[in-house]
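*Asks:* this one's structure only:
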Ligand code: HEM
């Protein structure tokens, strides 16, 4: 801020910021005290709606550096050369808690990355888990209702959480993940990130590849036990946010090595799992991790509201060479985020400093609306025009999908040879050491034992039984022991 006297919002010097104006000493306050009215009115409007999910988070800027030649797979310019650097802004978050909630909770963590590329911003809006609870966007609002506060009690209710999970067996894999050792990261720096969905890459020749992104933390994975988290959440609700900011202030820049799994398009139809099913991973034995880059965070935002609260990320923000897959969850998300941004931040959200392209400019014919800054000046606001305005390229960002048959309808995604809702949850359980299994069962039982209805408990245990008989049996015993 420049030097000079305190002013009103219109820039006029303020004479007295301690005493409002009254009719005589001890008399009522005057409407002509515009400073008082302006201060009260602005204050009333300080909040914008919090994100409906992922309300609580922290962000930082940094750099993505390409470390491998991927031009055979994608024509995205920011990935076109080894050594090439792109500015990023990353926002980490928890999912279920509202803005004032504590950080140290058992919950997935959001891992949203905005790449400010020369071809526009590319947003990868992922989580710290490779899979998700559901596989169709139509179930998302119901799912989130069970994670948020109950309409009657006003609290998060284990009854609702477990009722929904037990009735949605496709959640078994993600729930096994969430209640395992990685379910409560010690900080945002000590966790991996995943794009989770399958995305399309396409190269100059128009060949298509399906990819999954993995960000492996260079700090090492560190997690909290339930007991440690319970203590920390009470003592320091801002633990994750503080940790990230202070690490960057100390010059200890957190970084992640970025990998992809790549599936040639022709292999998708016959792969043993539906490659577009968000409740499944692609085992690394089938599609190994290929290192492509490194992401470092090295600059804190200067103003949390402007740069973190008002930051917006959209899975629909693609650049040439990258696009969606037919994953039904991802398809739903392509709509949901832009809609949320227009509601939460406004129709010009994409033009705020943190959100607008940094390495190119947005050249649209969209105009006006709340808080429009007039950046287009007198340029024509329609196209085609004869006045030299920007033109379409005739080249889509991604290649068209093909191979779909049958009529429209409310179709479930196709089932592949080894698909069922439990196979990968069972595989994950069987990979765990004895101690890990014990902690997983203990965490699950601790939560499940709070459910009031026996039929919900039984149905939930049965899902884990189907994943692995031993898993189900141990969980049943642990819940019985706790419920008495
Ligand atoms: C169909 C399913 C989903 C829907 C409808 C949905 C919807 C939303 C909405 C409306 C927001 C708030 C956006 C805002 O106000 O700026 C949000 C935030 C977020 N979602 Fe989703 N979501 C879905 C699934 C997922 C999945 C599967 C992931 C991760 C793989 C994910 C990761 C995130 C993240 C990281 C944020 C926070 C972004 C930020 O930091 O601003 N969501 N989601």
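*Replies:* Okay, I see it. Here the structure is a predicted model, which means the values were calculated and not measured.
*Asks:* could you pull out the strands for the stretch 1-150 of the chain?
*Replies:* Using DSSP state E, counting those that start in this stretch, the strands found in the stretch 1-150 of the chain span residues 57-66, 85-94, 109-117, 120-127.
*Asks:* I'd say residue 441 and residue 472 touch.
*Replies:* No: at 10.0 Å, residue 441 does not count as touching residue 472 under the criterion of Cβ atoms under 8 Å. Every C-beta, even on glycine, is put in place using the N, C-alpha and C of the backbone.
*Asks:* Kindly reformat the strands of the stretch 1-150 of the chain as JSON lines containing distance to residue 279, mean neighbour count and mean pLDDT.
*Replies:* Shown next, in JSON lines, are the strands of the stretch 1-150 of the chain (distance: least, Cβ to Cβ, whole Å; neighbours: other Cβ atoms under 10 Å; pLDDT from 0 to 100):
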{"stretch": "strand 57-66", "distance to residue 279": "24", "mean neighbour count": "21", "mean pLDDT": "98"}
{"stretch": "strand 85-94", "distance to residue 279": "21", "mean neighbour count": "23", "mean pLDDT": "99"}
{"stretch": "strand 109-117", "distance to residue 279": "18", "mean neighbour count": "24", "mean pLDDT": "99"}
{"stretch": "strand 120-127", "distance to residue 279": "13", "mean neighbour count": "23", "mean pLDDT": "98"}
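*Asks:* Now render those as TSV, adding distance to residue 6.
*Replies:* Formatted as TSV, the strands of the stretch 1-150 of the chain follow (distance: least, Cβ to Cβ, whole Å):
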stretch	distance to residue 6
strand 57-66	30
strand 85-94	32
strand 109-117	36
strand 120-127	37
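*Asks:* Which one of the ones you listed lies nearest to residue 298?
*Replies:* strand 57-66 (5.1 Å; Cβ to Cβ).
*Asks:* With the ligand in mind, check whether that closest one reaches it.
*Replies:* Yes: counting by Cβ under 6 Å from any ligand atom, the ligand has neighbours in strand 57-66: residue 57.
*Asks:* Sheet-wise, list the partners of that strand with their directions.
*Replies:* Partners of strand 57-66 in the sheet, by DSSP bridges, are strand 85-94 (antiparallel), strand 290-299 (antiparallel).
*Asks:* Now tabulate these in a markdown table and tack on distance to residue 184.
*Replies:* Converted to a markdown table, the strands paired with strand 57-66 look like this (distance: least, Cβ to Cβ, whole Å):
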| stretch | distance to residue 184 |
| --- | --- |
| strand 85-94 | 10 |
| strand 290-299 | 21 |
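*Asks:* could those be laid out in CSV, adding distance to the ligand?
*Replies:* What follows is these, written out as CSV (distance: least, Cβ to the nearest ligand atom, whole Å):
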stretch, distance to the ligand
strand 85-94, 4
strand 290-299, 14
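*Asks:* ok, residue 441 and residue 472, which is more surrounded?
*Replies:* residue 441 (24 against 19; other Cβ atoms under 10 Å).
*Asks:* so what's the backbone phi/psi at that one?
*Replies:* Main-chain torsions, residue 441, degrees, to the nearest 10: phi -60, psi -40.
*Asks:* what does the model give residue 3 for pLDDT?
*Replies:* Residue-level confidence at residue 3 comes out at 89, pLDDT.
*Asks:* got the contact list for stretch 398-416?
*Replies:* Applying Cβ atoms under 8 Å, 6 or more residues apart in numbering, the contact partners of stretch 398-416 are 135-136, 200, 202, 206, 208, 269-274, 276-277, 318, 321-324, 326, 328.
*Asks:* Now the buried members of those.
*Replies:* Applying 16 or more other Cβ atoms under 10 Å to these, the neighbour count classes 135-136, 200, 202, 208, 271, 273-274, 276-277, 318, 321-324, 326, 328 as buried.
*Asks:* ok, residue 471 to the ligand distance?
*Replies:* Distance, residue 471 to the ligand, using Cβ to the nearest ligand atom, to the nearest Å: 24 Å.
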